[in-house]
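1. Kindly generate the corresponding structure for this input.
(one chain, ligands or ions: 2)
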Amino acid sequence: MHQLSHRTPESWVGLVEENLDDFLRDHASNERKVCTSALQLLTQHPEREELVRELIVVAQEEMDHFRRVHALLDERGQQLGLDEPDPYMTRLRQAIRKPDVETYLRDRLLLFGIIELRGFERFRLLGDHLADERLRAFYDELARSEAGHYALYLKLARLYFPRDEVENRFQQLIALESEVLAGLPLRPSLH
Ligand SMILES: [Fe+2]
Ligand SMILES: [Fe+2]
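-> Ligands and ions are numbered 1, 2, ... in the order given. Coordinates of the predicted model:
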């Protein structure tokens with residue numbers, strides 16, 4: 001597993017606990033967005049059978065995460081929120097190169113993998129440190145699932161693109177992700 005150079009401080013968990021409803025709303029919105037991204041990617045590449053097969057499963061799993069986070073909000077008497085501007089995603093999406101369909105696909109596979117890796121890192125922290133036992137177990141399970149998605153996006157990138165090209169671009173994008181996150185205030189949100 002690749003390492004993220006900017007690590008989330010443990011104090012972030014306290015911020016989440018103090019603003020749990022806001023965090024859950026943001027988390028739900030992120031799960032919905034990654035589900036949509038997986039569906040968009042497979043819709044645009046029907047010729048890539050392995051990608052279609054795998055991303056149908058990813059979309060289903062993200063949709064299930066969305067359903068379960070929504071159920072937690074529901075239980076707490078809370079509703080979903082409207083999508084807020086997300087500086088993290090905006091900056092990362094700006095880094096995606098689109099000179100041709102291939103490069104666009106490569107960059108999205110790598111970036112989606114890195115976003116999953118960050119999800120894994122943050123859910124791992126919640127799964128280790130939240131005071132609420134049930135939430136701890138929930139985030140522990142989600143961390144494993146996002147780690148699997150990270151591995152899958154990377155596997156697809158390596159399946160369709162030369163290994164050196166994938167590694168070089170991955171290193172650029174993973175460095176950028178840490179730089180972007182380190183430049184943002186620590187918030188009770190996924191990013
Ligand atoms: Fe997810
Ligand atoms: Fe995921």
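2. export the host helix or strand of residue 177 as PDB, just CAs?
-> Of the helices and strands defined by DSSP states H and E, residue 177 is found in helix 163-182. Extracted C-alpha coordinates of helix 163-182, given in PDB (Å, rounded to 0.1, in the frame of the first residue of the first chain):
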ATOM      1  CA  ARG A 163       3.600   0.200 -15.400                       C
ATOM      2  CA  ASP A 164       6.300   3.000 -15.400                       C
ATOM      3  CA  GLU A 165       3.800   5.500 -16.700                       C
ATOM      4  CA  VAL A 166       1.300   4.500 -14.000                       C
ATOM      5  CA  GLU A 167       3.900   4.700 -11.200                       C
ATOM      6  CA  ASN A 168       5.300   8.100 -12.300                       C
ATOM      7  CA  ARG A 169       1.900   9.700 -12.600                       C
ATOM      8  CA  PHE A 170       0.700   8.100  -9.400                       C
ATOM      9  CA  GLN A 171       3.600   9.600  -7.500                       C
ATOM     10  CA  GLN A 172       2.900  13.000  -8.900                       C
ATOM     11  CA  LEU A 173      -0.800  12.800  -8.000                       C
ATOM     12  CA  ILE A 174      -0.300  11.400  -4.500                       C
ATOM     13  CA  ALA A 175       2.200  14.200  -3.700                       C
ATOM     14  CA  LEU A 176      -0.300  16.700  -5.000                       C
ATOM     15  CA  GLU A 177      -3.100  15.200  -2.900                       C
ATOM     16  CA  SER A 178      -1.100  15.600   0.300                       C
ATOM     17  CA  GLU A 179      -0.100  19.200  -0.600                       C
ATOM     18  CA  VAL A 180      -3.700  20.100  -1.300                       C
ATOM     19  CA  LEU A 181      -5.000  18.600   2.000                       C
ATOM     20  CA  ALA A 182      -2.200  20.100   4.100                       C
END
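3. Sort out which residues of it are buried, please.
-> Residues 166-167, 169-170, 173-174, 176-178, 180-181 are the ones in helix 163-182 that count as buried (16 or more other Cβ atoms under 10 Å). No exception for glycine: its C-beta is placed from N, CA and C like everyone else's.
4. What residues does the protein have near ligand 1?
-> Taking Cβ under 5 Å from the ion as the criterion, the chain approaches ligand 1 at residues 31, 62, 65.
5. I'd assumed residue 39 was in contact with the second one.
-> No. Applying Cβ atoms under 8 Å as the test, residue 62 and residue 39 come out as separate, 9.2 Å apart.
6. which of these two has more neighbours?
-> Counted by other Cβ atoms under 10 Å, residue 62 and residue 39 do not tie: residue 62 has more neighbours, with 25 against 17.
7. which residue packs closest to whichever residue of the chain sits closest to ligand 1, ignoring adjacent ones?
-> Nearest residue of the chain to ligand 1, counting by Cβ to the ion: residue 65, 3.7 Å away. Across the structure, with Cβ to Cβ, 6 or more residues apart in numbering as the measure, the residue nearest residue 65 apart from its sequence neighbours is residue 31 (4.3 Å).
8. Looks like the one you found contacts residue 62 (just checking).
-> Yes. Contact between residue 31 and residue 62 holds when scored by Cβ under 8 Å: they sit 5.4 Å apart.
9. Sounds good, over and out.
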